[in-house]
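Q: Turn this into a model:
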Amino acid sequence: MTETTNNSITHVTPADGNVFADLGFAPDEAAKLKIKAYLMIQLEQWIREEHLKQEDAARLLQVNRPRISDVVRGKSHKFTIDALVDMLERAGKQVTVQVV
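A: Next up is the predicted model:
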């Protein structure tokens, strides 16, 4: 017996779109989640690019090691946007805001 599966893509979020809105989050919540996700990706990339162990990243960012673990694992619900911006600033990253 041969089974056939449908592997067609039914929806693609445009690069400038918001996947959280597509998932059904309210517009205000989707916007916040998109910002948090972007900030967390920037932190995770910095940790990886600097070849930092979580303990070293925690020391440099002035947080405890479990907080770094939460960043690396993408647990955005554990962070405020302010906390993520503070950590990026401590990493030497300049965070700017653009309203369109």
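
Q: Leu43 versus Val19, what's the distance?
A: 19 Å (CB to CB, to the nearest Å). Any C-beta I mention is one placed from the backbone N, CA and C, and that applies to glycine too.

Q: okay, these two: which has more neighbours?
A: Neighbours were counted for Val19 and for Leu43 using other CB atoms under 10 Å; Leu43 has more, 22 against 14.

Q: Could you tell me which residues make contact with that one?
A: 71, 84, 87-88, 91 (CB atoms under 8 Å, 6 or more residues apart in numbering).

Q: which of those residues lies closest to Leu52?
A: Ala91 (9.7 Å; CB to CB).

Q: Now do the contacts for that closest one.
A: Counted by CB under 8 Å, 6+ apart, Ala91 has contacts 43, 46, 60-61.

Q: With pLDDT, secondary structure and distance to Leu52 added, can I get those in a markdown table?
A: Below are those laid out as a markdown table (pLDDT from 0 to 100; DSSP: H, G, I helix; E, B strand; the rest coil; distance: CB to CB, whole Å):
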| residue | pLDDT | secondary structure | distance to Leu52 |
| --- | --- | --- | --- |
| Leu43 | 97 | helix | 11 |
| Trp46 | 97 | helix | 8 |
| Leu60 | 97 | helix | 7 |
| Leu61 | 97 | helix | 9 |
